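Peer 1: how would this look folded up:
(one chain, ligands or ions: 1)
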Amino acid sequence: MTTKPRPRGLSKSKLLEYRQCPRRLYLSVHHPELKQESDDSQQNFATGNEVGEIARTLHPEGILIEQQSLSAALRETVTLLAEKPRRPLFEATFQHSGLLVRADLLLPAKRGWHLVEVKSSCEVKPYHLEDAAIQTHVLRSSGINVASVAIQHINKQFVYPGKDCYHQVKRNGEINSLFMQEDVTGKLDELIGEVPKWVSGAQATLAGKMPPPTGDCEKPFPCPFQEFCYPAESQPEYPVTLLPQANGKKIAANLLEQGYVDLRDVPQALLKNETHQRIWKVTRTGKHYLGKGAAVILSALPYPRYFLDFETINPAVPTWKGTFPYQQVPFQWSCHIQRRTGKLDHKMFLDLSGNDPSRSCAETLIGTLGKRGPVFVYYQSFEIGRLKELAARYADLAEELEAIIKRIVDLLPIAREHYYHPDMMGSWSIKAVLPTIAPDLDYANLEEVQDGGAAQAAYLEAIHPETMVDRKREREKQLRVYCERDTGAMVRLAQFLTTGKTATTKRRKIP
Ligand code: SF4
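Peer 2: Numbering: from 1, shown residues only. A predicted model of the protein is given here:
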């Protein structure tokens with residue numbers, strides 16, 4: 001007689017992996033060594049933990065079920081649920097038919113319990129409902145009377161009032177100050193009915209062969225198995241998926257359906273959009289395109305010219321008085337200043353004190369940028385957004401900051417309209433453009449800090465009280481080199497768009 005293998009136990013997070021892509025669940029369980037976690041996902045995990053801890057402080061009478069072993073956590077949950085009077089429970093642990101969940105907050109309600117899932121986002125997202133449905137299914141199947149279910153997320157309107165804010169929030173019962181709760185009870189009925197099907201599907205996946213790739217690799221979360229599923233060497237040199245904006249994704253999907261994988265094989269007539277046609281032509285010929293319009297626009301601009309870039313930090317839970325969740329607070333700027341003679345100076349601001357860098361950032365910037373001359377940026381919404389936020393916080397500096405905004409010239413739309421190189425692979429990000437016009441400035445040559453995310457990690461490490469002095473110096477140096485590279489890149493790009501050539505210019509540092 002053959003015995004049927006026992007279905008594998010599943011956690012809520014594993015079931016959610018299955019919901020994104022069955023192959024992801026399979027790989028996660030059978031080949032975890034193939035996972036390549038990004039710095040971003042680790043940072044998101046840390047943010048989620050921080051937000052969860054703060055959410056718990058709003059219920060001081062609550063109990064955290066910290067048991068490491070699953071059986072101990074399950075036992076402690078049963079004991080605490082039976083206690084009188086009932087108290088809020090954190091990480092209450094339940095298991096039903098092999099499906100394991102831990103509830104962020106389980107609060108005593110008039111009739112039964114109020115289940116709260118805490119999220120670090122600023123709104124309820126569709127996958128949060130699946131998450132809540134899984135939890136509700138397991139709790140109800142375990143005999144818990146779940147009277148209501150809510151997603152508790154960050155309130156974007158919250159402004160940190162200063163020291164002890166969380167205690168004020170707690171005292172005043174203003175739970176909505178930092179968090180908002182959206183009752184989702186009524187939205188879950190249908191989803192709860194689906195959960196048993198998801199569980200059996202996931203168990204069948206784990207017991208079977210590796211499923212094929214689904215292509216659902218970015219939503220709701222970037223999948224850590226992309227290198228395995230889509231290795232670079234198996235991709236065409238110029239995949240049709242490089243087509244940007246103007247419905248690029250949709251058009252690429254259509255082309256793939258018709259059997260075109262490499263952009264160079266696509267008949268021109270299938271591409272209607274002007275940008276797509278240009279990309280197609282440049283990719284096929286291998287020769288870059290530089291329109292004359294860029295030189296016309298740039299040559300007309302006066303000197304001195306300023307090239308500006310901010311580095312920012314955006315904590316989910318605001319750290320400094322007057323800031324709001326996820327506000328991009330600038331802790332560094334770099335500025336190259338170009339004179340008519342071609343002379344190039346460089347100035348920089350970097351605050352690693354750990355205090356709010358905003359005021360000094362704004363003051364030093366105003367002092368450096370003076371009153372005349374275009375201020376070049378790359379993707380103006382970002383710099384304008386930061387300048388507006390600084391103006392909103394410091395009324396006495398608002399007029400000068402607004403005057404800077406009026407001088408901004410965005411190099412991105414000029415480059416997008418007038419320049420393309422096959423190596424840019426459909427992207428006009430400065431990191432894609434730079435190697436094609438100034439390979440000596442490639443970001444890949446930099447040490448640990450090569451992008452904005454790494455700059456944030458360097459900043460956080462540098463301001464951490466436990467960071468050793470030598471390491472702090474090292475991080476400071478990396479931040480300086482990286483931010484200077486950003487504005488140096490813009491100088492070279494403006495020069496290239498004007499003349500079609502790049503040339504290194506000796507710069508003099510202003511002390
Ligand atoms: S990379 Fe994409 S196809 Fe591969 S497991 Fe992840 S989600 Fe599925």
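Peer 1: now do the contacts for S38.
Peer 2: S38 makes contacts with 222, 224, as judged by Cβ atoms under 8 Å, 6 or more residues apart in numbering. C-beta coordinates here come from the backbone N, C-alpha and C atoms, glycine included.
Peer 1: repeat that with 7 Å
Peer 2: For S38, the contacting residues are P222, by Cβ atoms under 7 Å, 6 or more residues apart in numbering.
Peer 1: distance of it from the ligand?
Peer 2: Going from S38 to the ligand by Cβ to the nearest ligand atom, to the nearest Å gives 13 Å.
Peer 1: gap between M425 and V433?
Peer 2: According to Cβ to Cβ, to the nearest Å, M425 stands 11 Å off from V433.
Peer 1: any idea of the mean pLDDT in stretch 49-58?
Peer 2: Stretch 49-58 shows an average pLDDT of 89 in the prediction.
Peer 1: still on that earlier bit, M425 and V433 - which one has more neighbours?
Peer 2: V433 (27 against 16; other Cβ atoms under 10 Å).
Peer 1: in which helix or strand would I find the more buried one?
Peer 2: Under the criterion of DSSP states H and E, V433 resides in helix 430-437.
Peer 1: model confidence over that helix, on average?
Peer 2: What helix 430-437 shows for mean pLDDT is 91.
Peer 1: mind checking the longest helix of the chain?
Peer 2: Ranked by residue count, the top helix of the chain under DSSP state H comes out as helix 469-499.
Peer 1: average pLDDT across the helix or strand following the helix holding V433?
Peer 2: Reading on from helix 430-437 to the C-terminus, the next helix or strand found by DSSP H and E is helix 452-463. Across helix 452-463, the average pLDDT comes to 91.
Peer 1: now helix 452-463: buried residues?
Peer 2: Within helix 452-463, the residues that qualify as buried are 452, 454-463, counting by 16 or more other Cβ atoms under 10 Å.
Peer 1: what of stretch 53-64?
Peer 2: 54-56, 58-59, 62-63.
Peer 1: for whichever residue of the stretch 301-450 of the chain sits closest to the ligand, give me its contacts.
Peer 2: The nearest approach of the stretch 301-450 of the chain to the ligand comes at M425, 19.3 Å away (Cβ to the nearest ligand atom). Counting by Cβ under 7 Å, 6+ apart, M425 makes contact with 242, 432.
Peer 1: pLDDT score assigned to it?
Peer 2: pLDDT, M425: 95.
Peer 1: Serialize the buried residues of stretch 53-64 to TSV and add fields for secondary structure and distance to the ligand.
Peer 2: As requested, the buried residues of stretch 53-64 are arranged in TSV below (DSSP: H, G, I helix; E, B strand; the rest coil; distance: Cβ to the nearest ligand atom, whole Å):
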residue	secondary structure	distance to the ligand
I54	helix	31
A55	helix	29
R56	helix	32
L58	coil	35
H59	coil	36
G62	coil	36
I63	strand	37
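Peer 1: which pair of those spans the longest distance?
Peer 2: Farthest apart among the buried residues of stretch 53-64 by Cβ to Cβ are I54 and I63. That separation is 16.9 Å.
Peer 1: so which bits of the stretch 1-150 of the chain are right by the ligand?
Peer 2: Counting by Cβ under 6 Å from any ligand atom, the positions of the stretch 1-150 of the chain adjacent to the ligand are 20-21, 23-24, 27.
Peer 1: I'd like the residues you listed as CSV, with neighbour count, pLDDT and secondary structure appended.
Peer 2: CSV is the format used below for these (neighbours: other Cβ atoms under 10 Å; pLDDT from 0 to 100; DSSP: H, G, I helix; E, B strand; the rest coil):
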residue, neighbour count, pLDDT, secondary structure
Q20, 19, 96, helix
C21, 22, 96, coil
R23, 22, 96, helix
R24, 26, 97, helix
L27, 22, 97, helix
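Peer 1: residue ranges with poor pLDDT in the stretch 101-250 of the chain?
Peer 2: In the predicted model, the stretch 101-250 of the chain carries pLDDT under 70 at residues 163-176, 246.
Peer 1: for it, what spans make up the strands?
Peer 2: 112-118, 146-154, 179-183 (DSSP state E, counting those that start in this stretch).
Peer 1: from the ligand, how far off is the residue nearest to the spatial centre of the chain?
Peer 2: The centroid of the chain falls nearest to D40 when counting by Cα atoms, centre = their mean (6.5 Å). Computed as Cβ to the nearest ligand atom, the D40 to the ligand distance reads 16 Å.
Peer 1: thinking again about what came up before, now the buried residues of stretch 53-64 in TSV, with distance to A269?
Peer 2: Shown next, in TSV, are the buried residues of stretch 53-64 (distance: Cβ to Cβ, whole Å):
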residue	distance to A269
I54	57
A55	56
R56	61
L58	61
H59	64
G62	65
I63	68
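Peer 1: can you get me a residue count around N314?
Peer 2: For N314, the neighbour count with other Cβ under 10 Å is 12.
Peer 1: surely it and P325 touch.
Peer 2: No. N314 lies out of contact with P325 (Cβ atoms under 7 Å); the separation is 8.6 Å.
Peer 1: and the residue of the stretch 251-400 of the chain found nearest the ligand, backbone torsions?
Peer 2: Using Cβ to the nearest ligand atom, the closest approach of the stretch 251-400 of the chain to the ligand is made by L256 at 14.6 Å. Main-chain torsions, L256, degrees, to the nearest 10: phi -60, psi -40.
Peer 1: next up, the contacts around it.
Peer 2: V240.
Peer 1: ditto for A202
Peer 2: 10, 15, 18, 25.
Peer 1: give me the buried subset of the residues you listed.
Peer 2: 10, 15, 18, 25.
Peer 1: which of those fall in helices?
Peer 2: Per DSSP H, the subset of the buried ones among the contacts of A202 in helices is 15, 18, 25.
Peer 1: with pLDDT and distance to L369 added, can I get those residues in TSV?
Peer 2: Converted to TSV, those look like this (pLDDT from 0 to 100; distance: Cβ to Cβ, whole Å):
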residue	pLDDT	distance to L369
L15	97	53
Y18	97	53
L25	97	52
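Peer 1: closest one of the buried ones among the contacts of A202 to the ligand?
Peer 2: In terms of Cβ to the nearest ligand atom, no member of the buried ones among the contacts of A202 lies closer to the ligand than L25, at 8.4 Å.
Peer 1: was I right to think the closest one contacts E17?
Peer 2: Yes. L25 lies in contact with E17 (Cβ under 7 Å); the separation is 4.5 Å.
Peer 1: on that earlier part again, closest one to K219 out of the ones in helices among the buried ones among the contacts of A202, please.
Peer 2: Using Cβ to Cβ, these come closest to K219 at Y18, 14.6 Å.
Peer 1: what sits against the closest one?
Peer 2: Taking Cβ under 7 Å, 6+ apart, one finds 25, 198, 201-202, 205 in contact with Y18.
Peer 1: same thing with R480?
Peer 2: R480 touches 348, 350, counting by Cβ under 7 Å, 6+ apart.
Peer 1: quick check: A462 vs the ligand, distance?
Peer 2: 34 Å.
Peer 1: thought that residue was touching L352?
Peer 2: Yes. With contact defined as Cβ under 7 Å, A462 reaches L352; the gap is 4.7 Å.
Peer 1: what do these two both touch?
Peer 2: Shared contacts of A462 and L352, counting by Cβ under 7 Å, 6+ apart, come down to E476.
Peer 1: on that earlier part again, looking at the contacts of Y18, which are in helices?
Peer 2: 25, 198, 201-202, 205.
Peer 1: turn those residues into JSON lines, including distance to K287.
Peer 2: As requested, the ones in helices among the contacts of Y18 are exported to JSON lines (distance: Cβ to Cβ, whole Å):
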{"residue": "L25", "distance to K287": "46"}
{"residue": "W198", "distance to K287": "52"}
{"residue": "G201", "distance to K287": "51"}
{"residue": "A202", "distance to K287": "51"}
{"residue": "T205", "distance to K287": "48"}
